[in-house]
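1. Need a 3D model of the following:
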Amino acid sequence: MTRILLVEDDAAIVRTLSEYLEGEGFDTATAATEAAAKTALKNTPFDLVLLDVSLARGSGFPVCKAAKEKGVPVIFLTASGDENSVVKGLDMGADDYITKPFRPRELVSRIKSVLRRTGAEPALRLSNGVTVDPDRGIAQKDGEEIKLSALEFRLLLVFLNHRGKLLTREKLLEDIWDIAGDFVNDNTLTVYIKRLRLKLGDDPLKPQIIKTVRGLGYRMD
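-> Prediction:
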């Protein structure tokens, strides 16, 4: 799970934004002062910092410096029209900025973009100790690589990209058609799903990763 440090001294923004980010699947910690933010960065590994430039106690710029020294991406939260802060922050190495007030969905989009661009996006975590790194084309279970064929990995990615959504067999066949030169029909799809479940350690009788929605298709929660 992506770990974000939100450095902001407005309690209302902290409460609302933290709840939204948690709902989007981000593990979010908060700090209201420069000192608290530096301590958090020193003691905890983060994947990204959301940083208000103007803090009641301290400044966001030293926090940005501390984050960049640890290789952590930074997105500045700035007041409207505060061009000087934006320029200074970018000169210090900030990866992006967004102007208040902003739409939470836009901020999440910016976060994901920065994580992809900086290579800080962590491997996706499933249950049973399974992690998947789409960029490297690797799946692991308890730290050991799972040997997946090209088609099996593609099938896994289809499920990952549609988490929480029902996928019909027709949709799955459409998305994995003829990957790696393999012809896939309805019968072989069943075989591939069974193989994938076994390799992921997902109990075929009571699957927890790739669930069967009887009569409709499959879903990964």
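2. ends of stretch 130-137, how far apart?
-> Start to finish, the residues bounding stretch 130-137 are 14 Å apart (Cα to Cα, to the nearest Å).
3. Tell me the strands beside the lowest-mean-pLDDT helix or strand in the chain, with direction?
-> Every helix and strand of the chain was ranked by mean pLDDT, DSSP states H and E. The lowest is strand 124-125, at a mean of 71. For strand 124-125, the paired strands and their directions (DSSP bridges) read strand 130-133 (antiparallel).
4. quick one: the partner strand to chain centroid distance?
-> Its chain's C-alpha centre lies 12 Å from the corresponding centre of strand 130-133 when counted by Cα atoms, centre = their mean, to the nearest Å.
5. helix or strand right after it?
-> For strand 130-133, the following helix or strand on the C-terminal side (DSSP states H and E) is strand 138-141.
6. Any buried residues in that next one, and which?
-> Neighbour counts using 16 or more other Cβ atoms under 10 Å place Ala139 of strand 138-141 among the buried residues. In short, each C-beta sits where N, CA and C put it, glycine included.
7. State the pLDDT value of the spatially most distant residue from the centre of the chain.
-> Each residue of the chain has a distance to the centre, and by Cα atoms, centre = their mean the biggest one is for Asn187: 33.6 Å. pLDDT, Asn187: 82.
8. what sits up against the least confident helix or strand of the chain?
-> The contact list for strand 124-125 (Cβ atoms under 8 Å, 6 or more residues apart in numbering) reads Met1, Thr131, Val132, Asp133, Pro134, Leu160.
9. for this structure, what spans make up the helices?
-> Along the chain, counting by DSSP state H, helices occupy 11-23, 34-43, 60-69, 83-91, 104-118, 150-161, 169-176, 186-200.
10. Go ahead and measure how far the least confident helix or strand of the chain is from the middle of the chain.
-> With Cα atoms, centre = their mean as the basis, the distance from the averaged C-alpha position of strand 124-125 to the chain average is 8 Å.
11. do the same with stretch 91-103
-> In terms of Cα atoms, centre = their mean, the centre of stretch 91-103 is found 19 Å from the chain centre.
12. now the end-to-end length of stretch 18-29.
-> 8 Å.
13. What are the buried residues along that stretch?
-> By neighbour count on 16+ other Cβ under 10 Å, the buried set for stretch 18-29 is Ser18, Leu21, Glu24, Phe26, Thr28.
14. Now do the same contact list for the nearest residue to the third one once chain neighbours are set aside.
-> The reference is to Glu24. By the measure of Cβ to Cβ, 6 or more residues apart in numbering, the closest residue to Glu24 outside its immediate chain neighbours is Val108, 5.4 Å from it. Neighbouring residues of Val108 by Cβ under 8 Å, 6+ apart: Tyr20, Leu21, Glu24.
15. Need the per-residue pLDDT for the closest residue to the second one other than its chain neighbours.
-> What that stands for is Leu21. For Leu21, the nearest residue in space outside its immediate sequence neighbours is Thr28; the separation is 4.6 Å by Cβ to Cβ, 6+ apart. Here, the pLDDT recorded for Thr28 equals 93.
16. domain assignment for the protein?
-> According to automatic domain parsing, the chain comprises the domains 3-118, 124-219.
17. Could you say which of the ones you listed is packed most deeply?
-> domain 3-118 (a mean of 17; mean count of other Cβ atoms under 10 Å).
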